[in-house]
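# Next input, structure requested:
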Amino acid sequence: MIGKIVAISDINVSIFADYPQEVKIGDILYAETQSKIYRFEIVEIKNNTITTIPFSSVIGLKRGLSVYPLKKGLGIEYSKEILGRVFNSYGELIDGTVINIPNERSIYNRHLTIADINVNNEILWTGIKVIDFFSPLSKGFKMGLLGGAGVGKTVLIKELINNIYKNLNSNAIFVGVGERSREGKELYDEMKESDLLDKISIVFGQMGDNPVSRSKAIYSGLTLAEYLRDEQHQDVLLFIDNIYRFVQAKSEISTELKRVPVENGYPTTMASDVSEVEERINSTDDGSITSFQAIYVPADDLNDEAVQTILSHMDGQIVLDRKVAEKGLYPAINIFRTTSKLIDIDKIGKEHYDLVSSVLKYLTRYEELEEIIAVLGIDELSSEDKNIFYRSRKLRNYFTQPMFVAENYTNIPGKFVKINDVLEDVKNILSGTYDNIDESKFLYIGTVKEIL
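Model prediction:
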C-alpha cells in the first residue's frame with residue numbers, strides 16, 4: 001500500500017502517502033471498492049502528499065480508501081492485432097473484440113534522436129486537386145487542417161483516408177481527441193462498409209470523457225503509429241481529430257490543479273506539451289508517419305495562442321474557410337492562407353511552381369475586379385481584365401471536387417485526380433483553351449475531359 005485517499009474532486013484525487021519515495025510522476029495507482037477498480041496517474045508529489053488525476057468518474061470513491069501501485073504503467077497493444085480495432089484512451093478495446101495474447105507497450109516510451117530521423121522523402125499525392133496543387137505534402141509531413149465548426153474538417157480527413165488507402169495501400173491510425181462519439185461510430189461503420197477496417201486502427205477519447213482521457217488518446221495513437229513504422233516498416237498515416245482538444249484538455253487539468261495559466265487560460269506548459277507530441281511524429285529509415293491534424297480555431301481566430309503554438313510544428317496548413325463554404329464550394333479551402341513547404345521550384349518542378357504563382361495572381365486580381373464590377377459594371381473592364389475575371393471563376397469552380405465519402409449525400413461519384421491532369425487542366429484554363437465553356441460546367445468534376 002502507498003497511502004490513503006484524503007481528498008476527491010472530479011479530476012483531482014489527493015493521497016497521503018506513507019512511502020512517497022516508492023513512486024514517481026507518471027506512475028499509475030489504483031484503489032478498489034466492492035464493485036469497481038479506480039485508476040489514477042501521479043502528476044505531482046509534495047512531501048507526503050501525492051496529487052493524481054483519475055482515469056474515469058470518481059463516483060463511488062471515498063476518503064480513507066487504500067491506494068496501491070499498478071505494476072505496469074499505461075500501455076496499449078503493440079502487435080499486428082491493432083489493425084481493425086477500436087481502443088479507448090487507455091489502450092482498452094471498446095469494439096467488443098478480444099486480443100487473446102496481448103503484447104502491450106508503454107504509451108510514453110518512444111523518443112527519436114536526430115540520428116534516427118530521415119527528412120528525405122518522396123511526395124505523397126492525395127488525389128484531391130486543391131491540396132495537391134496548392135499544398136502538396138511529402139511522407140513524414142505534418143499538415144494542419146484549420147477551420148471553425150462545421151466547415152468540413154472531418155469530411156476532408158475521411159476523404160484523405162479513403163484516397164490514400166485505395167491508391168497507396170498505407171495503413172492508418174485515426175485518433176479522436178475530444179470529438180463526438182457519433183462521428184467515431186460513423187467512421188468505424190464507413191471503414192467497415194468499404195472493406196478498409198483491417199487497414200485502420202482507431203483510438204477514441206470522446207467528447208463526454210473527462211479531460212484526462214481526452215489528453216491520453218493522442219499518446220496511445222502515437223504508440224500504434226510507431227509500431228507500424230518501426231516494426232512493420234510502413235509509411236503510416238496518422239489522423240488527429242482534433243489536436244486543439246488536446247491542449248484544451250491539458251488546460252482543464254491545469255486549472256483543476258490550481259496552476260496559474262497564461263493568457264486566455266492556456267497552461268504554462270502548453271508549448272512543451274505540444275512539442276512532446278509533435279516530436280514523436282517523424283520519418284526514420286524504417287518508415288514514415290505522415291500526419292493530418294485537424295485544428296479547431298476558436299472564434300475563427302487564427303492568432304489564438306494555442307493555434308499558433310500548434311502551427312509552429314506544421315510543415316504546411318490547409319485552411320477551411322466559412323466564406324468559401326457559403327459560396328457552395330467544397331472542399332471549402334482558402335487557397336490564399338493554405339501553404340506548404342513543398343511549394344518550391346526544386347521540390348515540385350518549375351511548371352507546377354509557375355502555375356501556382358499564376359493562379360494566385362489571377363485569383364488575387366479577380367477579388368479586386370469583383371469590387372470594381374460591383375461599382376461600375378463588367379462592361380467597364382478591359383478585355384484583359386475580362387479574361388482574368390472569367391478564367392478565375394472557372395479556376396475557382398474547377399478546384400471543387402466530388403468526395404467519395406460524401407457520395408451518399410451528393411449522389412455525385414467521388415473522383416481521384418492525378419496531379420499531371422490537374423496541371424494540364426489549369427494550364428489550359430489560364431491560356432484560354434476553355435474560354436468557350438460555361439463556368440458552371442467546371443463545378444464538381446474530376447478533369448476537364450469529362451465536360452469536353
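
# For the closest residue to residue 231 other than its chain neighbours, which residues are in contact?
Once flanking residues are discounted, residue 231 sits nearest to residue 78: 7.6 Å by Cβ to Cβ, 6 or more residues apart in numbering. C-betas here are computed from N, CA, C, even on glycine. By Cβ atoms under 8 Å, 6 or more residues apart in numbering, residue 78 lies in contact with 103, 104, 105, 223, 227, 231.

# Next one: the second one from residue 79, what distance?
Relative to residue 79, residue 104 is positioned 9 Å away (criterion: Cβ to Cβ, to the nearest Å).

# Could you do the fifth one as well?
Counting by Cβ to Cβ, the separation of residue 227 from residue 79 is 7 Å.

# quick one: low-confidence ranges for the chain?
Applying pLDDT under 70 to the chain flags the ranges 109-110.

# for the residue nearest the centre of it, what are its contacts?
Nearest to the mean C-alpha position of the chain, counting by Cα atoms, centre = their mean, stands residue 293 at 2.1 Å. Contact analysis of residue 293 by Cβ under 8 Å, 6+ apart lists 142, 143, 144, 145, 239, 240, 242, 243, 310, 314.

# From these, list the buried ones, please.
142, 143, 144, 145, 239, 240, 242, 243, 310, 314 (16 or more other Cβ atoms under 10 Å).

# Domain parsing of the chain, as residue ranges.
Per the record, the chain has its domains at 3-69, 75-340, 348-451, by automatic domain parsing.

# what would the buried ones among the contacts of residue 293 look like in TSV with distance to residue 52?
Shown next, in TSV, are the buried ones among the contacts of residue 293 (distance: Cβ to Cβ, whole Å):
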residue	distance to residue 52
142	32
143	36
144	33
145	34
239	31
240	26
242	26
243	25
310	28
314	33
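
# Please report the distance of residue 310 from residue 131.
19 Å.

# whoops, I mixed them up, residue 200
Distance from residue 200 to residue 131, by Cβ to Cβ: 20 Å.

# Kindly list the longest helix within the chain.
helix 350-376 (DSSP state H).

# Quick one: list the elements packing against the helix or strand just after that helix.
Per DSSP states H and E, the first helix or strand lying C-terminal to helix 350-376 is helix 383-398. Helix 383-398 sits against helix 350-376, helix 419-431, with contacts defined as 3 or more Cβ pairs under 8 Å, 6 or more residues apart in numbering; DSSP states H and E.

# so residue 198 sits right up against residue 83, yeah?
Yes: at 5.5 Å, residue 198 counts as touching residue 83 under the criterion of Cβ atoms under 8 Å.

# Have a look at those two and say which one is more surrounded.
residue 83 (17 against 12; other Cβ atoms under 10 Å).

# circling back to that earlier point, ok, and which of the helices and strands packed on helix 383-398 has the densest surroundings?
Stretch with highest mean neighbour count among those: helix 419-431 (a mean of 17; mean count of other Cβ atoms under 10 Å).

# Tell me which stretches of the chain form helices.
Taking DSSP H, the helices of the chain run over residues 129-134, 153-168, 181-193, 211-230, 243-256, 270-278, 305-311, 322-326, 345-348, 350-376, 383-398, 407-410, 419-431.

# Relative to residue 288, which of these is closest?
Across the helices of the chain, residue 288 has its closest neighbour in helix 211-230 (6.7 Å, Cβ to Cβ).

# Now find how far off-centre the closest one is within its chain.
Offset of helix 211-230 from its chain centre (Cα atoms, centre = their mean, to the nearest Å): 13 Å.

# just the angle between that helix and helix 243-256, please?
For helix 211-230 against helix 243-256, the angle by axes from the mean of the first three to the mean of the last three Cα atoms, to 10 degrees is 140 degrees.

# buried ones in helix 211-230?
By neighbour count on 16+ other Cβ under 10 Å, the buried set for helix 211-230 is 211-230.

# and residue 318, how far is that from residue 130?
On the measure of Cβ to Cβ, residue 318 and residue 130 end up 9 Å apart.

# neighbour-wise, which of the two wins?
Taking neighbours as other Cβ under 10 Å, residue 318 and residue 130 compare with residue 318 leading, 30 against 22.

# Run a quick check on residue 35 versus residue 60, I expect a contact.
Yes: counting by Cβ under 8 Å, residue 35 sits close enough to residue 60 to count as a contact (7.1 Å).

# Settle it for me: which of these two has more neighbours?
residue 60 (12 against 6).

# Am I right that that one is in contact with residue 36?
Yes: with contacts counted by Cβ under 8 Å, residue 60 reaches residue 36, the gap being 5.8 Å.

# got the CA coordinates for stretch 312-321 in PDB?
Output of stretch 312-321 as PDB, limited to C-alpha atoms (Å, rounded to 0.1, in the frame of the first residue of the first chain):
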ATOM      1  CA  SER A 312       4.800  26.300 -35.400                       C
ATOM      2  CA  HIS A 313       5.300  22.500 -35.700                       C
ATOM      3  CA  MET A 314       3.500  22.100 -39.000                       C
ATOM      4  CA  ASP A 315       5.100  21.700 -42.500                       C
ATOM      5  CA  GLY A 316       2.000  23.200 -44.100                       C
ATOM      6  CA  GLN A 317      -1.600  24.200 -43.400                       C
ATOM      7  CA  ILE A 318      -4.900  23.700 -45.100                       C
ATOM      8  CA  VAL A 319      -7.300  26.400 -44.100                       C
ATOM      9  CA  LEU A 320     -11.000  25.700 -44.400                       C
ATOM     10  CA  ASP A 321     -13.000  29.000 -44.700                       C
END
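
# Neighbours of the residue nearest to residue 286 when sequence neighbours are not counted, how many?
Distances taken as Cβ to Cβ, 6+ apart put residue 233 closest to residue 286, at 4.8 Å, once the chain neighbours are dropped. Neighbourhood size, residue 233 [other Cβ under 10 Å]: 11.

# just the one 4 residues further on next, same as before
When neighbours are defined as other Cβ under 10 Å, residue 237 has 26 of them.

# For it, list each beta-bridge partner.
Applying DSSP bridges to residue 237 gives these bridge partners: residue 172, residue 290.

# quick one, phi/psi of residue 98?
Main-chain torsions, residue 98, degrees, to the nearest 10: phi -130, psi 140.

# Number of residues surrounding it?
The local packing of residue 98 (other Cβ under 10 Å) involves 8 other residues.

# Now for it: which residues touch it?
By Cβ under 8 Å, 6+ apart, residue 98 lies in contact with nothing.

# Would you check that residue 305 makes contact with residue 266?
Yes: with contacts counted by Cβ under 8 Å, residue 305 reaches residue 266, the gap being 5.7 Å.

# who's more crowded, these two?
residue 266 (20 against 16).

# Got phi/psi on the more buried one?
Phi and psi for residue 266, reported as degrees, to the nearest 10, are phi -80, psi 150.

# In contact with it, which residues?
Taking Cβ under 8 Å, 6+ apart as the test, what residue 266 contacts is 247, 251, 305, 306.

# rerun at 10 Å
Contacts for residue 266 (Cβ atoms under 10 Å, 6 or more residues apart in numbering) come out as 247, 248, 250, 251, 254, 273, 304, 305, 306, 309.
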